[in-house]
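Undergrad: mind folding the following:
(2 chains)
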Amino acid sequence: MLSGLLAHLRLDPRLSSMVAALIVIAIVLNVMTGGLFLSAENLYNLSIQTCVIAVMACGMVYVIVARQIDLSVGSLLAFSGMAAAWVQTRAFPPDSTTGWVTSIVVALALGAAVGAMQGALVARMRIPAFIVTLAGYLMFRGAAFLVSDGQTLAPLHPTYQALGGGVNGAIGVTASIVLGLLAAAWVVWHAWTGRRDQRRYGIEPAPIWVDALKAALLCAAIAGFVWTMCLAPDFTNVDEAGMPRGRGIGVPVLILLVIAGFMTFVAQRTRYGRYVFAYGGNPEAALLSGLPTTWLVWSLFILTGVLAAIASVITTARLGSGANSIGQLAELYVISAAVIGGTSFAGGTGSVPGAVLGALLIQTLDNGMVLLDVSSPMRQIFIGIVLIVSVWFDVVYQKRA
Amino acid sequence: MMQMEQAPAPAAPADREAFVQMRQIVKRFGGLVAVNHVDLDLYAGECVGVLGHNGAGKTVLIKVLSGVYVPDEGSIQVHGKPVSFRTPHDAQAAGIETIHQTLALADNLDGPGNLFLGRELLTPWRTLDSRRMEYEARNVIKRLNPNFRNILDPVLRMSGGQRQSVAIARALYFNARILIMDEPCAALGPAETRMVLETIKRLKAEGIGIFLISHEMHDVFEVCDRATVMKNGSVVGMVQMKDVTQDEVLQMIIQGKRPVPAQAA
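TA: Numbering: from 1, shown residues only, chains lettered A, B, ... in the order given. Purely as a prediction, here's the structure:
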């Protein structure tokens, strides 16, 4: 009966089963932690923790869909993060607005340049991406160390630090509610125009209650999220009565939502996205159809380079300093998030929302296990098991379908 | 090479302008001469077979014409105008569509996605116009294969005939005057082969010129007007289907020389 309902709703089976798994895991963790896990404060932290991995996973989906891999994102995160911190602390006086703005520009430019270099080696010189980015993994970690000879660079500009979601790192209650309402309005408008377009081309839309229920579920999720974020207390920002104000949506979460939304749009609605998927489905067909395959592969590494740089800004802003050890193992978590989210190494399949949910799932387990005092090695073992189980689940599901 | 000094193909109807004139085409891969000074013509409403063993150079020759390979020597004229194709897009722009042996379909994309691959219809905002592409794809595929409705499935889940329909529809939608079909029936059952052959006849009647690469003598003799036989990259000879038997053509393919009377000429 449940599967009948799901078929009626025409929901993506992968995404809906991931959401279901997340809900079950969240409830179990909440019981085990005595209500700590589902507290507004913890959920705010979880939303911030997810962003770094999720931002990079959005690009990793494209890379893996096109049958490539990028193992260098964690090291590149460290390298560009150190570059940003160096610009702020060494090249400009403290508290310089120009300094932190320039540091972001430098980080992004560095990410793009390094990505372009790796992309050229893969696309033009035909060196396998695994090898190029494995070398990058080593080189950029070394380069991150050399930026300051291993020293930690601090302090970073307070406004810059807000990008990390820490102190003043959220947009407040009012703005969050306005954004939530706008998002809900968009969901309703999208459902309505979708039905109108289907009629225009002579396709009978699903029953109205199906679309209404879907839109209602999405709006409820948006409302729940905004509500929770607004309940999260901001102890550095108290009202007249001395009570902490609500935080609202964190800045990194906004960055993630913009990136994930944009990347989903590009994947589904633009030529570029179509070509990435076509190339992943059949590289020969892409070539015979006259697609610009060399540039396509090249561009993917620029994309992951820029996203690694954005992730480095979030990471250093959150820490308030630049340390060359940041982003360790990040590449593996990013790839895991994409794979858990349904991206296949065979190429041609994958989705950005899936990867974001995959990152959320990994971070949920990690966060919950920290609350339960599980040691770091045990957490790694457990997340490894989850990766295998999720892919095994996929193999079983594919066989049956 | 010397064989090729002979006069223009015997079947060339002199009063009409050739759709395609390939002259002295050479394509080398390293030391291997895959196509060696080959001439080939195509006229409106005719089907020209390109025959030969595996490795005879047929596929390389047509990939030169479809813009996948750039020839090392030789010239191509399309509708009397000299052309030089650098990419498949150039050939398509000149009205040449190719149905590759592998069909060149992306298995993960649906019918419209493949039909318009590389030439997507866009909205005024430069985004993919999926609904219009679906609508157009349904119309063109309906003409080929009226029973084919699940065009929104990934191509992976389609039957051989349906995949072939998508590949042919891709060539037809863009109003090609020149069509290249590389082994279109190789992976098809009898009913689907029949559909392809009937399609070829109908397209000929519409005045479209077709190059057909095939191993299947029966198909070649049914739809082709002329055929050129290749071996080791060179042309063995050009024959009119009505003048030769299947055995004679097979002999040319296997032995690499023209039947005795023709050679004496």
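
Undergrad: show me the shaky parts of chain A.
TA: Within chain A, the stretches with pLDDT under 70 are A:1-7, A:399-401.

Undergrad: one more time with 90, if that's ok
TA: Within chain A, the segments meeting pLDDT under 90 span A:1-17, A:94-95, A:166-168, A:194-208, A:210, A:234-244, A:383, A:386-387, A:389-401.

Undergrad: quick one: name the residues of it near chain B.
TA: Residues of chain A lying near chain B by Cβ under 8 Å from any Cβ of the partner chain: A:197-198, A:200-202, A:268-271, A:274, A:277-282, A:284-291, A:348-349. Placement of C-beta: from N, CA and C, glycine included.

Undergrad: which residue ranges form the strands in chain B?
TA: Secondary structure of chain B (DSSP state E): strands at B:20-29, B:32-42, B:47-52, B:73-78, B:81-83, B:96-99, B:178-182, B:209-213, B:226-231, B:234-240.

Undergrad: pLDDT averaged over the fifth one - what is it?
TA: What that stands for is strand B:81-83. Per-residue pLDDT over strand B:81-83 has a mean of 94.

Undergrad: excluding chain neighbours, what is closest to residue A:116?
TA: Nearest non-adjacent residue to residue A:116, counting by Cβ to Cβ, 6 or more residues apart in numbering or on different chains: residue A:302, 5.1 Å away.

Undergrad: pretty sure residue A:378 belongs to a helix, no?
TA: Yes - assessed with DSSP: H, G, I helix; E, B strand; the rest coil, residue A:378 lies in a helix.

Undergrad: now do the contacts for it.
TA: With contacts defined as Cβ atoms under 8 Å, 6 or more residues apart in numbering or on different chains, the neighbours of residue A:378 are residue A:369.

Undergrad: how far away is it from residue A:369?
TA: As judged by Cβ to Cβ, to the nearest Å, residue A:378 and residue A:369 stand 7 Å apart.

Undergrad: swap in residue B:173?
TA: On the measure of Cβ to Cβ, residue B:173 and residue A:369 end up 55 Å apart.

Undergrad: with residue B:118 instead?
TA: For residue B:118, the distance to residue A:369 - Cβ to Cβ - is 48 Å.

Undergrad: and residue 243, how many residues sit next to it?
TA: Going with chain A. Neighbourhood size, residue A:243 [other Cβ atoms under 10 Å in any protein chain shown]: 9.

Undergrad: oops, I was thinking of chain B
TA: Neighbours of residue B:243 (other Cβ under 10 Å): 13.

Undergrad: what's the pLDDT at it?
TA: 91.

Undergrad: and stretch A:148-155, how far out from the chain's middle?
TA: 27 Å (Cα atoms, centre = their mean, to the nearest Å).

Undergrad: quick one: residue A:367 and residue A:44 touch, right?
TA: No - between residue A:367 and residue A:44 there is no contact under Cβ atoms under 8 Å: 11.2 Å.

Undergrad: which one's more surrounded, those two?
TA: It is residue A:44, of residue A:367 and residue A:44, that has more neighbours when counted by other Cβ under 10 Å, with 26 against 21.

Undergrad: distance of that one relative to residue A:220?
TA: 19 Å.

Undergrad: do residue A:174 as well
TA: Distance, residue A:174 to residue A:220, by Cβ to Cβ: 21 Å.

Undergrad: same check on residue A:148?
TA: Residue A:148 sits 48 Å away from residue A:220, taking Cβ to Cβ as the criterion.

Undergrad: who has more neighbours, the two?
TA: Per other Cβ under 10 Å, whichever of residue A:148 and residue A:220 has more neighbours is residue A:148, with 18 against 11.

Undergrad: quick one: buried residues of stretch B:192-211?
TA: Neighbour-count burial for stretch B:192-211, with 16 or more other Cβ atoms under 10 Å in any protein chain shown as criterion, is recorded at B:192-193, B:195-197, B:199-200, B:203-204, B:208-211.

Undergrad: sorry, slip of the keys, the one I care about is stretch B:152-165.
TA: Within stretch B:152-165, the residues scored as buried using 16+ other Cβ under 10 Å are B:154, B:155, B:158, B:161, B:162, B:163, B:164, B:165.

Undergrad: CA-only coordinates of the helix or strand harbouring residue A:20 in CSV, if you can.
TA: Following DSSP states H and E, one finds residue A:20 within helix A:13-32. Below are the C-alpha coordinates for helix A:13-32, written out as CSV (Å, rounded to 0.1, in the frame of the first residue of the first chain):
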residue,chain,number,x,y,z
PRO,A,13,12.4,6.4,-4.9
ARG,A,14,16.0,7.1,-4.1
LEU,A,15,15.5,10.6,-2.6
SER,A,16,12.4,9.6,-0.7
SER,A,17,14.0,6.5,0.8
MET,A,18,16.9,8.7,1.9
VAL,A,19,14.6,11.1,3.6
ALA,A,20,12.8,8.2,5.3
ALA,A,21,16.2,6.8,6.5
LEU,A,22,17.2,10.3,7.8
ILE,A,23,14.0,10.6,9.8
VAL,A,24,14.4,7.1,11.3
ILE,A,25,18.0,7.8,12.2
ALA,A,26,17.2,11.2,13.7
ILE,A,27,14.5,9.7,15.9
VAL,A,28,16.8,6.9,17.1
LEU,A,29,19.6,9.3,17.8
ASN,A,30,17.3,11.6,19.6
VAL,A,31,16.1,8.8,21.9
MET,A,32,19.7,7.6,22.5
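
Undergrad: tell me which other helices or strands that helix touches.
TA: Other elements packing on helix A:13-32 under the criterion 3 or more Cβ pairs under 8 Å, 6 or more residues apart in numbering or on different chains; DSSP states H and E are helix A:352-371.
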